[in-house]
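Trainee: could you work out the structure for the sequence below:
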Amino acid sequence: MSKIKGKMLLFLSFFLTLVVLLGLAIKTSIDMIKETQTPKAGGLGIQFENGTTESEVETILENCNMTVNYTIDYDSIC
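Mentor: Numbers count the residues shown, from 1 in each chain. You can find the predicted model right below:
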């Protein structure tokens, strides 16, 4: 009877180890999926109508509370 209990204990410990490893693998894959679904912007382009002055653009951007540094690139036709 003790041989059967020993085999059952061995099988149960092996099975529980597999369950724990499978649970960790699933948790890791779910965490990776959540990371890849986070939206990330590589850049932001804002276009203003013709005739908008640089001071108006700066005022608008200041009111947007942008927390990143930005540059103003523009074409002027003289």
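
Trainee: could you pull out the helices for the protein?
Mentor: All helices of the chain, identified by DSSP state H, fall at 2-36, 54-63.

Trainee: could these go into a markdown table alongside mean neighbour count and distance to G45?
Mentor: C-beta here means a position set from N, CA and C on the backbone, and glycine is covered the same way. Below are the helices of the chain laid out as a markdown table (neighbours: other C-beta atoms under 10 Å; distance: least, C-beta to C-beta, whole Å):
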| stretch | mean neighbour count | distance to G45 |
| --- | --- | --- |
| helix 2-36 | 10 | 24 |
| helix 54-63 | 11 | 13 |
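
Trainee: tell me which of those sits nearest to I46.
Mentor: Comparing those by their distance to I46 (C-beta to C-beta), the top pick is helix 54-63, with 7.8 Å.

Trainee: chain center to that closest one: distance?
Mentor: Once both centres are worked out by C-alpha atoms, centre = their mean, to the nearest Å, helix 54-63 turns out to sit 30 Å from its chain's centre.

Trainee: what sits up against it?
Mentor: I46, F48, Y70, I72, Y74 (C-beta atoms under 8 Å, 6 or more residues apart in numbering).

Trainee: please tell me how far the third one sits from L22.
Mentor: Y70 sits 47 Å away from L22, taking C-beta to C-beta, to the nearest Å as the criterion.

Trainee: any regions of this structure where pLDDT drops low?
Mentor: Regions of the chain meeting the criterion pLDDT under 70 cover residues 1, 34-42, 74-78.

Trainee: 90 instead, please
Mentor: Counting by pLDDT under 90, the chain shows low-confidence ranges at 1-7, 20-78.

Trainee: next up, phi/psi of N69, please.
Mentor: Its backbone dihedrals place N69 at phi -70, psi 150, with angles given as degrees, to the nearest 10.

Trainee: hang on, the earlier thing: who wins on neighbours among the contacts of helix 54-63?
Mentor: Within the contacts of helix 54-63, most neighbours by other C-beta atoms under 10 Å means F48, with 13 neighbours.

Trainee: measure it to F11 for me?
Mentor: Computed as C-beta to C-beta, the F48 to F11 distance reads 71 Å.

Trainee: likewise for L24?
Mentor: The separation that L24 has from F11, given C-beta to C-beta, amounts to 21 Å.
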